[in-house]
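Student: Model the following, please.
(one chain, ligands or ions: 1)
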Amino acid sequence: MSQQRPTGTPGRAGHVPALPDLPEATVARLPEYLRALHHLIEAGHDTVSSEGLAAAAGVNSAKLRKDLSHLGSYGTRGVGYDIALLVEQIEFVLGLTQRRAVALVGIGNLGHALAGYAGFGSRGFRIAALFDADPARVGEEINGLVVRHIDDLPRYAAEESIAIGVIATPAAAAQRVADQLVAAGVTSILNFAPCVLAVPENVDVRKVDLAIELQILSFHEHRKATLTGLPGNRGGSGGNFPALPRALPDTGTQEAVGT
Ligand SMILES: NC(=O)c1ccc[n+]([C@@H]2O[C@H](COP(=O)([O-])OP(=O)(O)OC[C@H]3O[C@@H](n4cnc5c(N)ncnc54)[C@H](O)[C@@H]3O)[C@@H](O)[C@H]2O)c1
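Tutor: This next block holds a predicted model:
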């Protein structure tokens with residue numbers, strides 16, 4: 001049983017040891033653990049059992065122990081995990097020891113909401129620049145940031161060391177925006193537009209699509225109905241459909257957030 005402080009000096013190039021290869025599903029759960037740990041700190045806790053943390057993060061404890069073992073963190077028998085240390089380990093692995101600069105492209109309805117959200121700062125991110133193609137939007141100030149024209153992206157991406165680009169444009173413009181972000185040196189993209197982006201191999205893309213999440217919930221609703229015989233298990237013709245198969249875990253390249 002052990003829980004070791006990350007070696008090297010987080011955030012200082014040249015001193016950071018190679019990170020372990022982590023299963024994508026583990027990476028996706030680490031932020032959940034981090035959020036739960038921060039809540040535990042706010043509630044005055046110093047240590048937490050694997051069961052306690054699993055419950056707070058909404059996962060099962062065996063999965064949590066396996067995830068944390070990938071970080072070399074096994075907790076202490078009878079005591080559990082040192083919360084501050086675990087936060088340090090997870091932040092290190094997620095690369096959150098440096099605040100990453102984010103560029104937001106497409107300052108319409110969604111872009112305004114994202115630009116105005118105050119929660120990114122406390123989670124390790126800084127919205128550093130806002131871009132739009134509409135001259136009527138350029139110059140508008142949101143949360144102390146001025147909306148720039150998308151043509152100025154290369155200059156600000158370099159000045160602000162933009163690491164991550166967020167696309168909140170219509171789908172028809174998203175590929176062109178992705179190309180512009182990549183040309184400006186951005187290698188991670190969060191895509192809100194409902195389309196698949198073609199990017200070079202070294203660029204990571206995550207997509208967020210609430211409609212897809214709702215459609216997945218719709219599948220589960222449908223499946224529950226076929227199992228229980230509640231309304232929903234009959235077609236328009238009134239015939240019975242067989243019970244739907246369960247959804248099995250899967251991973252994709254441009255994985256939707258929340259999967
Ligand atoms: N993922 C989700 O759950 C979710 C939810 C809501 C909206 N969306 C998607 O987010 C996107 C934005 O939605 P919205 O309601 O904010 O739309 P919107 O029309 O209000 O805003 C889009 C903005 O993008 C700008 N734009 C267009 N082309 C551009 C370009 N080439 N470069 C820079 N800016 C450009 C427009 O000028 C506009 O300000 C849409 O693709 C929409 O489908 C996704």
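Student: tell me the domain boundaries of the protein?
Tutor: Following automatic domain parsing, one finds the domains of the chain at 24-93, 100-207, 209-249.
Student: and the ones you listed as JSON lines, adding mean neighbour count and mean pLDDT?
Tutor: Heads up, the C-betas are built off the backbone N, CA and C, glycines and all. JSON lines is the format used below for the domains of the chain (neighbours: other C-beta atoms under 10 Å; pLDDT from 0 to 100):
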{"stretch": "domain 24-93", "mean neighbour count": "17", "mean pLDDT": "92"}
{"stretch": "domain 100-207", "mean neighbour count": "17", "mean pLDDT": "95"}
{"stretch": "domain 209-249", "mean neighbour count": "11", "mean pLDDT": "74"}
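Student: what's the closest of these to the ligand?
Tutor: Nearest to the ligand, of all those, is domain 100-207, at 1.7 Å by C-beta to the nearest ligand atom.
Student: can you give me the helices in the stretch 101-250 of the chain?
Tutor: 109-115, 153-159, 171-183, 210-228 (DSSP state H, counting those that start in this stretch).
Student: any chance of those in JSON lines, plus distance to residue 21?
Tutor: Output for the helices of the stretch 101-250 of the chain, formatted as JSON lines (distance: least, C-beta to C-beta, whole Å):
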{"stretch": "helix 109-115", "distance to residue 21": "31"}
{"stretch": "helix 153-159", "distance to residue 21": "29"}
{"stretch": "helix 171-183", "distance to residue 21": "24"}
{"stretch": "helix 210-228", "distance to residue 21": "27"}
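Student: Of all those helices, which one is nearest residue 25?
Tutor: Checking the helices of the stretch 101-250 of the chain against residue 25 by C-beta to C-beta gives helix 210-228 as the closest, at 16.0 Å.
Student: In terms of secondary structure, what does the closest one contact?
Tutor: Other helices and strands packing on helix 210-228, by 3 or more C-beta pairs under 8 Å, 6 or more residues apart in numbering; DSSP states H and E, are absent; none qualifies.
Student: before we move on, back to that, can you redo the helices of the stretch 101-250 of the chain as TSV, where the extra columns are distance to the ligand?
Tutor: Conversion of the helices of the stretch 101-250 of the chain to TSV gives the following (distance: least, C-beta to the nearest ligand atom, whole Å):
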stretch	distance to the ligand
helix 109-115	3
helix 153-159	9
helix 171-183	3
helix 210-228	3
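Student: For residue 62, find the nearest of those.
Tutor: Taking the helices of the stretch 101-250 of the chain one by one with C-beta to C-beta, helix 210-228 is closest: 23.1 Å.
Student: Could you export the closest one as CSV, CA atoms only?
Tutor: Only the C-alpha atoms of helix 210-228 are listed here, as CSV (Å, rounded to 0.1, in the frame of the first residue of the first chain):
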residue,chain,number,x,y,z
LEU,A,210,-25.9,17.0,-25.7
ALA,A,211,-28.3,15.7,-28.4
ILE,A,212,-26.3,12.5,-28.6
GLU,A,213,-26.3,12.2,-24.8
LEU,A,214,-30.1,12.6,-24.9
GLN,A,215,-30.4,10.0,-27.7
ILE,A,216,-28.4,7.6,-25.6
LEU,A,217,-30.7,8.2,-22.7
SER,A,218,-33.6,7.7,-25.1
PHE,A,219,-32.1,4.3,-25.9
HIS,A,220,-32.0,3.4,-22.2
GLU,A,221,-35.6,4.6,-21.7
HIS,A,222,-36.7,2.5,-24.7
ARG,A,223,-34.8,-0.5,-23.5
LYS,A,224,-36.3,-0.2,-20.0
ALA,A,225,-39.8,0.0,-21.6
THR,A,226,-39.1,-3.2,-23.6
LEU,A,227,-38.1,-5.0,-20.4
THR,A,228,-41.0,-3.9,-18.3
